[in-house]
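# predicted model follows, preceded by the sequence.
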Amino acid sequence: MSAEATPAVFRRHRSINRGSSIGLLLVALPVFLLAWLIIFPIFSAVVGTIFVRGPDGATEFSLASYRFFFTDGYSLSNLWVTLWTTAVCGVLLLAIGLPIALYLRFSQGHLAAYVQGLAIFPMFVPSIILAYALIRTIGPNGTVDLLLNSVGLPKLRTPYLTPWGPVIGLVWDNLPLTVLMLTAGLSSVSNSAIEAARDVGAKPLRVFISIILPRMGSSLLVTASFAVLGIFSAFTLPYVLGPASPEMMGPFMQRTFADMNDPLNAMTQAVITFGFCLIFGIFYIRSIARNRETRP
């Protein structure tokens, strides 16, 4: 290397190091907030539920709160109804959101714009407003009952204060994000691949199964993970629309902490809820990592 080229190389390395330092400074604050507001409370909750004060005031290792949760019939029924609601909502979100996303991806014109606006509209409605709107619509003596009564038909059994009440509210509340994520995933499906399949005589169902669906595996997994994470820990809609017993984990934790004044068991319920959500979070992280590895 010549003497004239050496200063230029040093300046290039200096600029690269300066850019790296600026990049680290930009991400330092978000990483600090993540560790302070999320990671630290998680570890604090886990430690606080397994290291508790004994009768003599000394801190000791104990799994009594977890043993109580998994042997208590009421706690297990609340966990089961939460898992059931999450599974039903996840299936309904994909079953409703995927056709809408397919229509928005391959349709143009004013009607597609109106459909997209209607699908995204619930995103801008607060959950509490949505809950009371559903009560006035499908609740006792609501709009549906009044319309049926006006034409001489009997009233329908309302889903309000039943396990299906939170299902309807959570599906409506999470549908916009589901549609947006599925529509973004469909952008990876090229029109040329679909046209080539149609040219060789492929029917719409065959195009969907052989061309579209294989390219949406990661998008479906990410969408399902986000839906599960949001539904499993939901509070407002299950609290307002759901039954008093059994109840989902969100209202159960709040009632245990506030009404029963039992922070240890409430924290244990939170850790167990986090454990179930962590499973789907791992699926999401693995999907993102796999996409980065396969990206050219």
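Okay, I see it. All of these numbers come straight from a predicted model, not from anything done at the bench.
# ranges for the helices of the stretch 151-296 of the chain?
Using DSSP state H, counting those that start in this stretch, the helices found in the stretch 151-296 of the chain span residues 164-186, 191-199, 204-207, 217-232, 236-241, 249-254, 263-294.
# including distance to A35, mean neighbour count and mean pLDDT, could the ones you listed go into TSV?
From N, CA and C alone the C-beta is placed, and that goes for glycine too. Below are these laid out as TSV (distance: least, CB to CB, whole Å; neighbours: other CB atoms under 10 Å; pLDDT from 0 to 100):
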stretch	distance to A35	mean neighbour count	mean pLDDT
helix 164-186	26	22	89
helix 191-199	43	12	76
helix 204-207	46	13	78
helix 217-232	20	20	83
helix 236-241	28	23	90
helix 249-254	23	22	90
helix 263-294	16	15	81
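# looking at the ones you listed, which is closest to I138?
Checking the helices of the stretch 151-296 of the chain against I138 by CB to CB gives helix 164-186 as the closest, at 7.3 Å.
# how about that closest one as PDB, C-alpha atoms only?
What follows is helix 164-186 as a C-alpha-only set of coordinates in PDB (Å, rounded to 0.1, in the frame of the first residue of the first chain):
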ATOM      1  CA  TRP A 164     -69.200 -16.200  22.600                       C
ATOM      2  CA  GLY A 165     -69.500 -12.500  23.500                       C
ATOM      3  CA  PRO A 166     -65.700 -12.000  23.800                       C
ATOM      4  CA  VAL A 167     -65.200 -14.100  20.700                       C
ATOM      5  CA  ILE A 168     -67.300 -11.700  18.600                       C
ATOM      6  CA  GLY A 169     -65.700  -8.600  20.100                       C
ATOM      7  CA  LEU A 170     -62.100  -9.900  19.800                       C
ATOM      8  CA  VAL A 171     -62.600 -11.000  16.200                       C
ATOM      9  CA  TRP A 172     -64.000  -7.600  15.300                       C
ATOM     10  CA  ASP A 173     -61.300  -5.800  17.100                       C
ATOM     11  CA  ASN A 174     -58.400  -7.800  15.700                       C
ATOM     12  CA  LEU A 175     -59.700  -8.100  12.100                       C
ATOM     13  CA  PRO A 176     -58.000  -4.900  10.800                       C
ATOM     14  CA  LEU A 177     -54.500  -6.000  11.800                       C
ATOM     15  CA  THR A 178     -55.100  -9.500  10.400                       C
ATOM     16  CA  VAL A 179     -56.300  -8.100   7.100                       C
ATOM     17  CA  LEU A 180     -53.300  -5.700   6.800                       C
ATOM     18  CA  MET A 181     -50.700  -8.400   7.600                       C
ATOM     19  CA  LEU A 182     -52.200 -10.900   5.300                       C
ATOM     20  CA  THR A 183     -52.400  -8.300   2.500                       C
ATOM     21  CA  ALA A 184     -48.800  -7.500   3.100                       C
ATOM     22  CA  GLY A 185     -47.900 -11.200   2.900                       C
ATOM     23  CA  LEU A 186     -49.800 -11.500  -0.400                       C
END
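# how far off helix 217-232 does that helix point, in degrees?
150 degrees (axes from the mean of the first three to the mean of the last three CA atoms, to 10 degrees).
# chain center to helix 164-186, what's the gap?
Centre-to-centre, helix 164-186 and its host chain are 9 Å apart (CA atoms, centre = their mean, to the nearest Å).
# tell me, how many residues neighbour M123?
Number of residues near M123 (other CB atoms under 10 Å) recorded here: 13.
# among the helices of the stretch 151-296 of the chain, which is nearest S127?
helix 236-241 (4.3 Å).
# need the contact partners of the closest one.
Residues outside helix 236-241 that contact it (CB atoms under 8 Å, 6 or more residues apart in numbering) are 85, 127-128, 130-132, 134-135, 160-161, 165-166, 168-170, 173, 247-248, 250-251, 254.
# many thanks, I have nothing further to ask.
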